[in-house]
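Chemist: Quick one: sequence plus predicted model below, questions after.
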Amino acid sequence: MRKYLTILILLALPLVADDRSKDTLSGTHTDRFKVPVAGTIRVQNSFGEVTIDGWDRPEVELTVVQSTERVYGAKDGAEAQRRMGEAQRRLDSVQVTAKQQGNEVVVSTAYPSRNGFVHPLSRRSDIEVSYTIHAPRASKLVIDDNRGGVDVSDITGDVHATVINGEITLTLAPNGHYAIDAQAKIGDIYSDFEGRDQTRHVLGEEFESPATAPATNLYLRVRIGDILIQKLHGPPAD
């Protein structure tokens, strides 16, 4: 089942002394997928904050918010509209798609390069994207080449996350068994769970916690940023 909702918001703030106005455009869409058996959530080439929360429902819900906020100096109404149209086209050109393949849900982001071809590694600094995902707690997560950070809470499946710049935060059940393999090339690592950590190349850090019993595998890599692995307090969310 899919629900698609597009919201266009134009906030015209009062002009400042130099006749510059601030305009905000945003778009939101939500997808839902039925998953009778918990599978894999795969997030590819995301840029922006990725938030994933576990729940009891047999479905995956993805909400994506794209926004751009620019300051324009146009005094003429027609020129302001033209520039707003350009901002809307830039916003629309960032393509976030989600599809289901069996029990796997794949979320991918692409931006068309200047030659007109879609290139998944292109990024725009003037576009902000946030991804909010609710998934069955037993889901396995694979998040590759993220720019902007990953926040995972109340997931019991394996987590494989690579972040180029940003922070990885995992909030996990305190009584779980975890095999942790975490590295921050430039950054720090903190864990509520026992393990061995060591400084890596002065600026970075490694943390390992091999498990002797069947365990949840956590493979975490950050190029620039920190890794935080903490225990979940209180009852899980519904």
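Modeler: Cool, got the structure. This one's a predicted model, so the numbers in the text were calculated from it and none came from an experiment. Numbering: from 1, shown residues only.
Chemist: For the rest of this, base every contact and every neighbour count on C-alpha atoms.
Modeler: OK.
Chemist: okay, residue 11: pLDDT?
Modeler: Listed pLDDT for residue 11 reads 37.
Chemist: and if you look at residue 76?
Modeler: pLDDT recorded at residue 76 is 60.
Chemist: Same check on residue 29?
Modeler: In this prediction, residue 29 carries a pLDDT score of 91.
Chemist: Same question for residue 100.
Modeler: For residue 100, pLDDT reads 96.
Chemist: which stretches of this structure aren't confidently modelled?
Modeler: Scanning the chain for pLDDT under 70 picks out 1-23, 69-76, 80, 112-125, 198-203, 212, 234-238.
Chemist: Give me the most central residue, this structure.
Modeler: For the chain, the residue nearest the mean C-alpha position is residue 50 (1.8 Å; C-alpha atoms, centre = their mean).
Chemist: wait, that one sits on residue 147?
Modeler: No. Residue 50 is not in contact with residue 147 according to C-alpha atoms under 8 Å; the separation is 9.3 Å.
Chemist: on that earlier part again, could I get the contacting residues of the residue nearest to the centre of the chain?
Modeler: 130-133, 148-151 (C-alpha atoms under 8 Å, 6 or more residues apart in numbering).
Chemist: out of those, which are inside strands?
Modeler: Those of these mapping onto strands are 130-133, 150-151, per DSSP state E.
Chemist: can you pull up the bridge partners for the residue nearest to the centre of the chain?
Modeler: residue 131, residue 150 (DSSP bridges).
Chemist: do the same with residue 64
Modeler: Under DSSP bridges, the beta-bridge partners of residue 64 are residue 29, residue 131.
Chemist: And for residue 163?
Modeler: Bridge pairing for residue 163 - DSSP bridges - gives residue 146, residue 222.
Chemist: Name all residues that make contact with it.
Modeler: Residue 163 is in contact with 144-150, 221-224, counting by C-alpha under 8 Å, 6+ apart.
Chemist: circling back to that earlier point, what separation is there between the residue nearest to the centre of the chain and residue 43?
Modeler: 9 Å (C-alpha to C-alpha, to the nearest Å).
Chemist: could I get the contacts of residue 50 as a markdown table with neighbour count?
Modeler: Shown next, in a markdown table, are the contacts of residue 50 (neighbours: other C-alpha atoms under 10 Å):
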| residue | neighbour count |
| --- | --- |
| 130 | 19 |
| 131 | 21 |
| 132 | 16 |
| 133 | 20 |
| 148 | 20 |
| 149 | 25 |
| 150 | 23 |
| 151 | 16 |
